[in-house]
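K.L.:
Next comes the sequence, and after it the predicted model I'd like to discuss.
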Amino acid sequence: MTMATEAVVKAMLSAFANNWPEKAEHCRDKRTVSFWMQFLEDMDDGLLRATAKTILSEAKFFPKVADVREMAFRLQADVMGVPDAYQAWNMVKKWMRLPPTMFRDGRRYRRKPLPPII
């Protein structure tokens with residue numbers, strides 16, 4: 001996995017500046033770029049680009065580093081098929097409604113365990 005490059009972080013901040021013009025000068029400051037690099041350098045360039053695009057299309061306010069990291073986690077979870085809390089709880093409720101053991105046509109069936117991700 002590659003680390004986020006300064007060029008990608010600058011491009012993300014530039015896009016944020018275009019979307020939130022009142023923050024434009026702040027986004028171009030070297031200290032701001034350095035600050036964001038410090039907290040995003042462990043992220044992959046491709047993931048950071050996808051995260052920035054998603055934030056630009058969904059966020060109503062200028063994002064904080066935590067917002068970027070949270071969105072990146074959400075995107076990765078979606079790609080990996082990890083259910084969100086609502087989906088996981090519905091899976092648990094459905095599983096709990098099933099009987100532990102069921103007999104049909106003289107055969108015994110046991111309910112499958114929940115996936116480990118739940």
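P.N.:
Good, I have the coordinates.
K.L.:
Sheet partners, orientation included, of the strand or helix carrying Phe103?
P.N.:
In this structure, Phe103 is located in strand 101-104 according to DSSP states H and E. Strands flanking strand 101-104 in the sheet, each with its direction: strand 107-110 (antiparallel) (DSSP bridges).
K.L.:
so who does the residue nearest to Pro99 when sequence neighbours are not counted touch?
P.N.:
Nearest in space to Pro99, with sequence neighbours left out and distances taken as CB to CB, 6 or more residues apart in numbering, is Arg111 at 7.0 Å. Using the backbone N, CA and C atoms, a C-beta is placed for each residue, glycine as well. Taking CB atoms under 8 Å, 6 or more residues apart in numbering as the contact definition, Arg111 lies against Trp95, Leu98, Pro99, Pro100, Thr101, Met102.
K.L.:
now Met91: how far from Asp84?
P.N.:
As judged by CB to CB, to the nearest Å, Met91 and Asp84 stand 11 Å apart.
K.L.:
Do you have the helices of this protein handy? List them.
P.N.:
Per DSSP state H, the chain carries helices over the ranges 6-19, 24-27, 30-40, 45-58, 65-80, 85-97.
K.L.:
chain center to the fifth one, what's the gap?
P.N.:
What it means is helix 65-80. The offset between the C-alpha centroid of helix 65-80 and the centroid of the whole chain comes to 2 Å, using CA atoms, centre = their mean, to the nearest Å.
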